[in-house]
Structure formats: structure tokens, C-alpha cells
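Asker: please find the sequence and the predicted model below.
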Amino acid sequence: MEIREANKEDIPFIEDILKENNLPYKDVASKVNCFFIGHIKNKPIGIGGIEIYGDYGLLRSLVIIDSFRKKGYGKALCHKIIEYAKEKGVKEIYLLTTTAKGFFEKIGFEEVNRSIAPTPIQNTTEFKYSCPSTAICMRISLIR
């Protein structure tokens with residue numbers, strides 16, 4: 001799988017895959033520059049994004065098309081996003097999930113109380129409006 005930064009031509013694919021997986025999609029057009037596309041032979045198979053707020057990042061919407069799941073593509077895409085965040089000086093990444101806690105634990109994320117997320121993360125659209133209050137908050141430190 002090759003991974004590249006998304007562009008405006010990717011918006012329909014990103015929105016469609018998010019809708020299909022019941023994930024927030026309404027702000028994709030305004031935040032397309034925070035997404036990455038995983039593809040095989042120029043066929044997009046997955047997406048993931050990170051919003052960066054200084055020292056903090058919000059991982060959002062990591063999704064692989066059903067027929068390509070359980071083959072390591074999600075893990076590879078997540079690691080690419082983490083490496084990108086490190087290059088940008090991010091010290092901690094947060095996320096909200098209702099279905100993928102186990103997946104993210106294997107990557108190194110830990111469950112944390114939502115209230116400890118830094119203010120810039122708590123003020124994101126995902127935290128305030130898009131994700132349910134029942135979503136699990138997770139964090140990974142990039143400082144080792």
C-alpha cells in the first residue's frame with residue numbers, strides 16, 4: 001500500500017467511506033489537507049486524518065474498505081499518521097472511538113478520561129459536536 005496526502009479530488013471518496021462507516025464527514029471539504037489516502041495500484045482503499053493543534057493532534061477517521069481489512073493496512077496508515085505528527089512536533093495524539101478501542105490499544109494508545117484532553121482538542125468539532133459523549137477517548141504520547 002502506498003500512502004499520500006489527500007487533495008480536493010479525494011473529497012468524494014473520503015466523504016463516502018466516512019458515511020458508510022457512520023463517521024463524521026461534514027467538515028471534510030474544509031479539512032481535506034489533514035487526511036491521508038492509502039491506495040493500492042491507484043485504487044484508494046482507506047483514509048485517516050490528523051488535525052494538529054500545536055503540541056497536540058487529533059487522530060480522526062481511520063478507515064479501511066471492508067474487503068481490505070485485517071491485512072495490516074490500517075496499522076500501516078496509522079503509523080504513517082503518527083510519523084507525520086512527530087515530524088510536525090506533536091507530543092500527544094488523542095482520538096475518540098466507539099468501535100476500535102482494541103485496534104488502537106495494539107498501536108499503543110491508552111484509554112483516558114475525556115476531560116484530560118487539552119483545551120485545543122476539546123474545542124474541536126469532533127469533541128464538541130460530531131462524536132457521542134459515550135465515545136472512548138484515547139491518547140498516545142510521542143515523547144519517548
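Answerer: Structure received. What you see is a predicted model; the values in this text were computed from it and never measured.

Asker: for this protein, give the strand that spans the most residues.
Answerer: strand 43-53 (DSSP state E).

Asker: what lines up beside it in the sheet?
Answerer: strand 35-40 (antiparallel), strand 56-64 (antiparallel) (DSSP bridges).

Asker: what's the most buried one of these?
Answerer: Mean neighbour count (mean count of other C-beta atoms under 10 Å) peaks for strand 56-64 among those, with a mean of 24. Using the backbone N, CA and C atoms, a C-beta is placed for each residue, glycine as well.

Asker: how far does stretch 21-39 sit from the chain's center?
Answerer: On the basis of C-alpha atoms, centre = their mean, to the nearest Å, stretch 21-39 sits 9 Å off its chain's mean C-alpha point.

Asker: out of the strands paired with strand 43-53, which gets nearest to Glu5?
Answerer: strand 35-40 (5.9 Å; C-beta to C-beta).

Asker: what lies in contact with that closest one?
Answerer: Residues outside strand 35-40 that contact it (C-beta atoms under 8 Å, 6 or more residues apart in numbering) are 1-6, 10, 13-14, 28, 44-49, 61, 64, 68, 73, 76-77, 80-81, 84.

Asker: pLDDT weak spots in this structure?
Answerer: Of all residues in the chain, none has pLDDT under 70.

Asker: Ile143 against Ile93, yeah?
Answerer: No - the pair Ile143 / Ile93 is not scored as a contact, 11.3 Å apart, by C-beta atoms under 8 Å.

Asker: give me the more crowded residue out of these two.
Answerer: Taking other C-beta atoms under 10 Å, Ile143 and Ile93 do not tie; Ile93 has more neighbours (26 against 8).

Asker: which strands and helices sit next to the particular helix or strand that has the more buried one in it?
Answerer: Ile93 is part of strand 92-97, with elements assigned from DSSP states H and E. Counting contacts by 3 or more C-beta pairs under 8 Å, 6 or more residues apart in numbering; DSSP states H and E, strand 92-97 is packed against strand 56-64, strand 136-141.

Asker: now do the longest strand of the chain and strand 92-97, the angle between them.
Answerer: Between strand 43-53 and strand 92-97, the angle comes out at 120 degrees (axes from the mean of the first three to the mean of the last three C-alpha atoms, to 10 degrees).

Asker: that concludes my questions; thank you for your assistance.
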